[in-house]
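1. sequence? don't have it. structure:
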């Protein structure tokens, strides 16, 4: 699928073999898949987090509602995956199981950073043992817990970092450049949604596409409230303000 140099060909057959220059080629190939994935974004606003993604509908015969890009993990946590959809769904199952176990064992909701680290640990595990391949998906993990709104990105290698605004997938570079100049602290909810829509527009512009509410999946998790998936009517109203 990707051109391989003669130097790398001896070291890219298993995910556990380091090349002489300290690279894991299978992990790098997984990251290449993520770069071709649909664009997903997340942002921290005044009272919570907003996650938004483009569904990339490839046929007018596809039912847009059947494609889920933002996955609910618990009432206070959601994730966006970019890359291989099957890998994303498997990791979402693991994340949901972890969230339920935390509720059963400790009688409290799992902290957002704990869940993000668990997902990262599972990804890292699949780079360490023979007979496995890295997950070809990056995640945005966002939610609200006792420490406030939290937003993380996990990569195929298992690495993770916390952000105030983040994008993954194709168009990430343009979207992040926009966020770096336009993001400000303590944004109201509507302003945060507008910022995400504009960021998606910047990222999709590279593919000569425009923001279309029929292709968008947006979720808001606000302090004191539960997971809410935004309707097309709400998104159209916000788009009218842009």
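-> Yes, it's here. Bear in mind the structure is a predicted one, so any value in this text is a computation, not a measurement.
2. just the strands in the chain please.
-> Secondary structure of the chain (DSSP state E): strands at 40-44, 48-54, 70-74, 77-83, 137-145, 148-154, 160-162, 165-168, 216-222, 228-229.
3. take these and lay them out in a markdown table including mean pLDDT and distance to residue 23.
-> In short, each C-beta sits where N, CA and C put it, glycine included. As requested, the strands of the chain are arranged in a markdown table below (pLDDT from 0 to 100; distance: least, CB to CB, whole Å):
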| stretch | mean pLDDT | distance to residue 23 |
| --- | --- | --- |
| strand 40-44 | 97 | 26 |
| strand 48-54 | 95 | 30 |
| strand 70-74 | 95 | 31 |
| strand 77-83 | 96 | 19 |
| strand 137-145 | 96 | 18 |
| strand 148-154 | 97 | 20 |
| strand 160-162 | 96 | 20 |
| strand 165-168 | 97 | 22 |
| strand 216-222 | 94 | 34 |
| strand 228-229 | 92 | 40 |
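4. which stretches of this protein form helices?
-> In order along the chain, the chain carries the following helices (DSSP state H): 6-9, 25-35, 85-106, 112-125, 172-182, 189-205, 232-239.
5. report the mean per-residue pLDDT for the third one.
-> For helix 85-106, the mean pLDDT works out to 96.
6. counting by contacts, list what it packs against.
-> Helix 85-106 sits against strand 70-74, strand 77-83, helix 112-125, strand 137-145, with contacts defined as 3 or more CB pairs under 8 Å, 6 or more residues apart in numbering; DSSP states H and E.
7. how about these, which one is nearest residue 98?
-> Each of these was checked against residue 98 via CB to CB, and the shortest separation belongs to helix 112-125, namely 5.2 Å.
8. my read: residue 68 touches residue 219, true?
-> No - between residue 68 and residue 219 no contact is recorded; they are 10.4 Å apart, counting by CB atoms under 8 Å.
9. who has more neighbours out of the two?
-> Using other CB atoms under 10 Å as the criterion, residue 68 and residue 219 rank with residue 219 on top: 22 against 16.
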